[in-house]
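Participant: generate coordinates for the sequence data below:
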Amino acid sequence: MDNERERILRRLEAVEGRFEELSIRITLPEVISDAPLFQKLMREHNELTELAAFASDFRKKNQEAEDARAMLADPDLRAMAEEELESLEPEVEKMAQEARIRLLPKDPDDYRNAILEVRAGAGGDEAGLFGAELLRMYTHYAESHGWKVELTEGGLNELGGLKEAVIMIQGKNVFSRLKYESGVHRVQRVPVTESGGRIHTSTATVAVLPEAEEVEVSINPADLRIDTYRASGAGGQHVNRTDSAVRLTHLPTGLVVTSQDQRSQVQNRERAMQVLRARLYELQREQAQSEYSGARKQQIGTGDRSERIRTYNFPQGRVTDHRIGFTIYRIDDVMNGDLDEIIDALTLAEQTELMKEQDA
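Facilitator: Take a look at the predicted model:
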């Protein structure tokens, strides 16, 4: 067995050991009674379940190959051993490559829900229309994965465009899939408002934040200014009838969050607090990443939000992600929420970079 495979086996054995340890700890009364600790350990246990099962399968398959290799020394068994190794070795090698990917460092926020913000950029009305299309694209993508989507802030104007909007997306590993979407999205097409048929370029900015739990981000009530006002725009009966909309201003940072799409002031305040916690948590993440990476190149998905990441060219039916030079010619499918091919390519690119760092 080569050194690389031995190293993988040792790391997988550590995973199995940690999984067994967690399986015991989550049954202890002192852990069960400590809700935050129990949730943390249960989350880690759930995340390791598949990897621990894979580790067991890989160890058994590798042992079968080792046993077959040992039989090569016996003339009576050599032919059978060679036949077994012919099928076993490719399987073990394939599993070893899969293990390398599975063992890559994980973003600790991958499991979280996400708060996705879309803002119109350069391009006037066309930028607002494009922003609204991006919002629909992400809503369709979320729904296709069985995730729950809630509009927290924003709405469409009379042209069907938006200035800014915020949606909460809840489901399994939402942030792990959507975190690559932060940045400037550019559209090239003939706007519906353009009578001369000229192609215009407009932009919209997307920010994807991991949802933070209340225990993770402490907000001092004295640091908040809370304003209430009458909701406006299309909506239910609460709109324009009561002061149900809420604006939170976090005085130390100057962050401002509004929510008006829930039916009551209490609900809007809670939604606004969720968004505020996410933005404060993101500030902590950015600071931690800056301290960790220093001059090191930022990984895919954690770059500057001002970076132009993707172009949607309608005349050519082309969508290009500039970070990895990936292009597909299915723009209608993409705008209808079929993003998996792009996101899979971004995930693979980041995994490749991580493996290079790991091997360096």
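Participant: going forward, measure contacts between C-alpha atoms and count neighbours the same way
Facilitator: Fine.
Participant: pretty sure residue 109 sits against residue 174.
Facilitator: No - at 9.6 Å, residue 109 does not count as touching residue 174 under the criterion of CA atoms under 8 Å.
Participant: these two: which has the busier surroundings?
Facilitator: Each of residue 109 and residue 174 has its neighbours counted (other CA atoms under 10 Å); residue 174 has more, 22 against 18.
Participant: so what's that one closest to, chain neighbours aside?
Facilitator: Nearest residue to residue 174, sequence neighbours excluded (CA to CA, 6 or more residues apart in numbering): residue 113, at 5.2 Å.
Participant: burial count for that neighbour?
Facilitator: Residue 113: 23 neighbours (other CA under 10 Å).
Participant: do residue 77 as well
Facilitator: 13.
Participant: which pLDDT value goes with it?
Facilitator: Residue 77 is assigned a pLDDT of 89 by the prediction.
Participant: tell me who's in contact with it.
Facilitator: For residue 77, the contacting residues are residue 71, by CA atoms under 8 Å, 6 or more residues apart in numbering.
Participant: hmm, try it at 10 Å
Facilitator: Residue 77 makes contacts with 68, 70-71, as judged by CA atoms under 10 Å, 6 or more residues apart in numbering.
Participant: picking that back up, what residues are shared contacts of residue 109 and residue 174?
Facilitator: Any residue near both residue 109 and residue 174 by CA under 10 Å, 6+ apart counts here, and that gives 210-211.
Participant: can you show me the CA trace of stretch 82-100 as PDB?
Facilitator: Once non-C-alpha atoms are left out, stretch 82-100 reads as follows in PDB (Å, rounded to 0.1, in the frame of the first residue of the first chain):
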ATOM      1  CA  GLU A  82      -4.500 -11.300 -10.000                       C
ATOM      2  CA  GLU A  83      -8.100 -11.600 -11.200                       C
ATOM      3  CA  GLU A  84      -9.400 -10.100  -8.000                       C
ATOM      4  CA  LEU A  85      -6.900  -7.200  -8.000                       C
ATOM      5  CA  GLU A  86      -7.800  -6.400 -11.600                       C
ATOM      6  CA  SER A  87     -11.200  -5.300 -10.400                       C
ATOM      7  CA  LEU A  88     -10.400  -4.300  -6.800                       C
ATOM      8  CA  GLU A  89      -7.500  -1.800  -7.600                       C
ATOM      9  CA  PRO A  90      -9.600   0.500  -9.800                       C
ATOM     10  CA  GLU A  91     -12.300   0.500  -7.200                       C
ATOM     11  CA  VAL A  92      -9.900   1.300  -4.300                       C
ATOM     12  CA  GLU A  93      -8.200   4.000  -6.400                       C
ATOM     13  CA  LYS A  94     -11.600   5.600  -7.300                       C
ATOM     14  CA  MET A  95     -12.600   5.600  -3.600                       C
ATOM     15  CA  ALA A  96      -9.200   7.100  -2.600                       C
ATOM     16  CA  GLN A  97      -9.800  10.000  -5.000                       C
ATOM     17  CA  GLU A  98     -13.300  10.400  -3.600                       C
ATOM     18  CA  ALA A  99     -11.900  10.300   0.000                       C
ATOM     19  CA  ARG A 100      -9.500  13.200  -0.900                       C
END
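Participant: what mean pLDDT does it get?
Facilitator: 91.
Participant: contacts for it?
Facilitator: Contacts of stretch 82-100 (CA under 10 Å, 6+ apart): 4-5, 8-9, 11-12, 51, 54-55, 57-69, 71-72, 78, 80, 101-102, 351, 355, 358.
Participant: and those residues, which are buried?
Facilitator: Buried residues within those, counting neighbours by 16 or more other CA atoms under 10 Å: 5, 8-9, 11-12, 51, 54-55, 58-59, 61-62, 64-65, 68-69, 71-72, 78, 351, 355.
Participant: buried sites along the helix or strand of the chain at the bottom of the mean pLDDT ranking?
Facilitator: Ranked by mean pLDDT, DSSP states H and E, the weakest helix or strand in the chain is helix 265-293, scoring a mean of 82. Using 16+ other CA under 10 Å as the burial criterion, the residues of helix 265-293 that qualify are 265, 267-269, 271-282, 285.
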